[in-house]
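K.L.:
heads up, no residue letters with this:
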């Protein structure tokens, strides 16, 4: 940006100041329940009535209570819909959640006459009968559970029971506008945070009945666990050991003030010219109107003055050609408009101790990752884009735009960025336990990964990938899912990292082609490595390889067995066919493990690595397979065996590795496309 025009700036800022917009957070989808009570056809009267009620819910900008109820038509084609926002959610997030839910539920349940969609912020349900003030009959109850166990389950459960019983009474005693309660209970050094809510159209008795049923499911769902959630169409309970709700929900905007009442009509003005307002009474000085006009103008002037100073400072600091400087400034404006924190380069330089070698965590094709400590004491990971990287600008812009839209507990969180001159940096949360490969493939550290932790890691990765593929605003293919791109937090929960190579999909796309292969051999699906075709099923393949690595503790490239060497997929398939799957299990797990659970994970892994793309399950189906042990799994077909040689180094810039650089092994021969080595999978040594 070579110049900053104050008039233009004022015109751009004035609408923003005069008409502030409340941005709503994207709601996180949890689960859908499509009833088998009956179906309808596309052109039926019921479908038209259903469209009417859902459209009415989505466009409702008058309701401020968080409870929506609409019906249309007469029996048997009557359509009823109820939307209920969580009691602590602000009005903007509530409306956004309801609007998202009404758009999605017809895609998830395209022909069912009854359905429920659960989001973190709201619940939406519809039926072909009256559901107002009536308990949902034979409703499916959905459970969510935190896999971490309480240190003293008996004491924890006693405190939890006290808390939920108290919240149940408070919620049931609520009004016809809101039946919602939150609270805490101390157990030793742990604080339990709880929430209970009913649909406010239920009577106090029906609300209490629903919550009694939900709380009664806690022992089956999450007894002794430090977190859990029971979801029913007309009520829910939830508890965690960290606060997940807003203490005081934002109040709805006040209604416009009524017009001032007058005891006698004002004198009729002459036709020639209007009279000035009278001097006496409340109309003498309309201070509210004056303030409403003056403050935005003054505010715009002040902001404009500050912005001009910033522009001048930026122009003084710029030493690059005008065209490149303009491009970078425009990119910074575009990214910062998303609301992310922009750091100046001097701050990043200070928190990383001038990018000191001892703070270096790893290096890849994108650049180098350093550990830093902010002035607040928060530890961060700073990814510094290599200036000589041919993919630098594109990679940086892609990653920031992409990660800025992603918020999930199993994804590494982006905290901010820096774009100054030739410097382009990303600031992420610091994940203390390094990457999965540093534990899984280390003869000593792998003992820390018992089966319970490994299963939790598999399930967490699956949840994160479902979010990327289906539940985020965009459909995203990671394209480099591997052990070194799975970071582990303090509780050994997995977080998926490195979206720099991710390819964004439009909502109606299912696959894409590329002439630039990025990723790591051994994890690549055959259609991607051989023909450049990638889709969400390519990520499913990588996930399957990762599952087999987690079960076996061996890298995918080879498995040492006596004097012979065999790739992991071949070895897993052979033992599965022969009924000797226990030969695949990591010996460090010992005998005190669930053989059924391990066998199921191997089965799922083999389903994911099938050569035929269409035979592989979706990540949503995989997640369901992992949580629903009653679900029958299909038999897998023969996996792809195209990677029969060593794949070399598998670490990434997130590797946090102290091992030396490994050489890349021979790769498959591909004539159709120039197959490039993934430089992002190389890690430099550093001193701990």
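P.N.:
Structure's in. What do you need? The shown structure was predicted, so the numbers you read here are calculated from the model rather than taken from an experiment.
K.L.:
Relative to residue 345, how far out is residue 372?
P.N.:
13 Å (CB to CB, to the nearest Å). C-beta here means a position set from N, CA and C on the backbone, and glycine is covered the same way.
K.L.:
quick one: the strands in the stretch 51-200 of the chain?
P.N.:
Assigned by DSSP state E, counting those that start in this stretch, the stretch 51-200 of the chain shows strands spanning 67-72, 79-85, 115-119, 122-127, 142-145, 179-187, 190-198.
K.L.:
Which strands or helices does the fourth one pack on?
P.N.:
Contact analysis of strand 122-127 by 3 or more CB pairs under 8 Å, 6 or more residues apart in numbering; DSSP states H and E lists helix 45-59, strand 79-85, helix 91-108, strand 115-119 as its packing neighbours.
K.L.:
So in that sheet, which strands flank it, and in what orientation?
P.N.:
Strand 122-127 has these partner strands in its sheet, going by DSSP bridges: strand 79-85 (antiparallel), strand 115-119 (antiparallel).
K.L.:
Can you name the residues in contact with it?
P.N.:
Applying CB atoms under 8 Å, 6 or more residues apart in numbering, the contact partners of strand 122-127 are 27, 35, 37, 50, 53-54, 57, 79-86, 89, 94, 97-98, 101-102, 105, 113-117, 131, 136, 231, 233, 236.
K.L.:
For the helices and strands packed on strand 122-127, could you give me JSON lines that also reports mean neighbour count, distance to residue 542 and mean pLDDT?
P.N.:
Formatted as JSON lines, these follow (neighbours: other CB atoms under 10 Å; distance: least, CB to CB, whole Å; pLDDT from 0 to 100):
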{"stretch": "helix 45-59", "mean neighbour count": "18", "distance to residue 542": "37", "mean pLDDT": "93"}
{"stretch": "strand 79-85", "mean neighbour count": "26", "distance to residue 542": "37", "mean pLDDT": "96"}
{"stretch": "helix 91-108", "mean neighbour count": "21", "distance to residue 542": "26", "mean pLDDT": "91"}
{"stretch": "strand 115-119", "mean neighbour count": "24", "distance to residue 542": "28", "mean pLDDT": "93"}
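K.L.:
export those to JSON lines and tack on distance to residue 196?
P.N.:
Below are the helices and strands packed on strand 122-127 laid out as JSON lines (distance: least, CB to CB, whole Å):
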{"stretch": "helix 45-59", "distance to residue 196": "24"}
{"stretch": "strand 79-85", "distance to residue 196": "13"}
{"stretch": "helix 91-108", "distance to residue 196": "18"}
{"stretch": "strand 115-119", "distance to residue 196": "16"}
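K.L.:
Can you tell me which of the ones you listed is nearest to residue 631?
P.N.:
helix 91-108 (18.2 Å; CB to CB).
K.L.:
Walking through the stretch 451-600 of the chain, point out its strands one by one.
P.N.:
Going by DSSP E, counting those that start in this stretch, the stretch 451-600 of the chain shows strands at 475-477, 486-488, 494-496, 503-505, 511-513, 533-535, 559-561, 564-566.
K.L.:
If I average pLDDT within each of the ones you listed, which one is lowest?
P.N.:
Across the strands of the stretch 451-600 of the chain, strand 503-505 has the smallest mean pLDDT, namely a mean of 38.
K.L.:
Now do the SS call for the closest residue to residue 449 other than its chain neighbours.
P.N.:
Leaving out its chain neighbours, the residue that sits closest to residue 449 by CB to CB, 6 or more residues apart in numbering is residue 439, at 5.4 Å. Assigned with DSSP: H, G, I helix; E, B strand; the rest coil, residue 439 falls in the helix class.
K.L.:
before we move on, back to that, between residue 372 and residue 345, which has more neighbouring residues?
P.N.:
residue 372 (21 against 16; other CB atoms under 10 Å).
K.L.:
phi, psi of the more buried one?
P.N.:
phi -140, psi 160 (degrees, to the nearest 10).
K.L.:
Then residue 34?
P.N.:
phi -100, psi 120.
K.L.:
Residue 209: neighbour count?
P.N.:
A count of neighbours around residue 209, defined by other CB under 10 Å, yields 17.
K.L.:
From residue 137, how far off is it?
P.N.:
In terms of CB to CB, residue 209 sits 12 Å off from residue 137.
K.L.:
Tell me, what's the model's pLDDT at residue 338?
P.N.:
Model confidence at residue 338 (pLDDT) stands at 48.
K.L.:
Could you do the one 4 residues further on as well?
P.N.:
We have a pLDDT of 80 for residue 342.
K.L.:
Residue 228 is in contact with residue 150, correct?
P.N.:
No - judged on CB atoms under 8 Å, residue 150 makes no contact with residue 228 at a distance of 11.1 Å.
K.L.:
closest to residue 606 out of the strands of the stretch 51-200 of the chain?
P.N.:
When the strands of the stretch 51-200 of the chain are compared (using CB to CB), the closest one is strand 142-145, at 26.5 Å.
K.L.:
Quickly run through the sheet partners of that closest one, with directions.
P.N.:
Strand 142-145 is paired, per DSSP bridges, with strand 228-232 (antiparallel).
K.L.:
What's the mean pLDDT across the strand it pairs with?
P.N.:
93.
K.L.:
Spatially, what comes nearest to residue 204 if we skip its sequence neighbours?
P.N.:
In space, residue 204 is closest to residue 172, 4.9 Å off (CB to CB, 6+ apart).
K.L.:
and the one you found, how many neighbours?
P.N.:
23.
K.L.:
Surely it and residue 200 touch.
P.N.:
No - using CB under 8 Å, residue 172 is not in contact with residue 200, being 11.0 Å away.
K.L.:
give me the beta-bridge partners of residue 79?
P.N.:
residue 72.
K.L.:
For it, list the residues it contacts.
P.N.:
Here residue 79 is in contact with 46, 49-50, 52-53, 71-73, 126-128 (CB under 8 Å, 6+ apart).
K.L.:
how about a cut-off of 10 Å?
P.N.:
Neighbouring residues of residue 79 by CB atoms under 10 Å, 6 or more residues apart in numbering: 40, 45-54, 70-73, 113, 126-129.
K.L.:
Could you do residue 51 as well?
P.N.:
72, 79, 102, 106.
K.L.:
Out of those, flag the one nearest to residue 163.
P.N.:
Closest to residue 163, out of all of the contacts of residue 51 and judged by CB to CB, is residue 102, at 33.5 Å.
K.L.:
Please look at the closest one and residue 52 and confirm they touch.
P.N.:
No - under the criterion of CB atoms under 10 Å, residue 102 is not in contact with residue 52, lying 11.4 Å apart.
K.L.:
list the residues that contact both of those two?
P.N.:
residue 81.
K.L.:
Common neighbours of residue 150 and residue 228, please.
P.N.:
Contacts common to residue 150 and residue 228, judged by CB under 10 Å, 6+ apart, are residue 160.
K.L.:
In the stretch 201-350 of the chain, where is pLDDT below threshold?
P.N.:
Confidence mapping of the stretch 201-350 of the chain against pLDDT under 70 gives the ranges 248-340.
K.L.:
Try it again at 50.
P.N.:
Counting by pLDDT under 50, the stretch 201-350 of the chain shows low-confidence ranges at 249-289, 315-339.
K.L.:
Residue 466 against residue 624, yeah?
P.N.:
Yes - counting by CB under 10 Å, residue 624 is a contact partner of residue 466 at 9.4 Å.
K.L.:
which of those two has more neighbours?
P.N.:
residue 466 (21 against 15).
K.L.:
how close does residue 418 get to residue 352?
P.N.:
11 Å.
K.L.:
for residue 227, same thing?
P.N.:
Taken as CB to CB, the span from residue 227 to residue 352 is 34 Å.
K.L.:
Next: residue 166.
P.N.:
From residue 166 across to residue 352, the span is 48 Å (CB to CB).
K.L.:
Tell me which of the two has more neighbours.
P.N.:
residue 352 (21 against 15).
K.L.:
gap between the more buried one and residue 170?
P.N.:
Taken as CB to CB, the span from residue 352 to residue 170 is 48 Å.
K.L.:
For the closest residue to residue 145 other than its chain neighbours, give me its contacts.
P.N.:
Closest residue to residue 145 apart from its sequence neighbours, by CB to CB, 6+ apart: residue 222 at 4.1 Å. With contacts defined as CB under 10 Å, 6+ apart, the neighbours of residue 222 are 143-147, 149, 157, 160, 228-230, 239.
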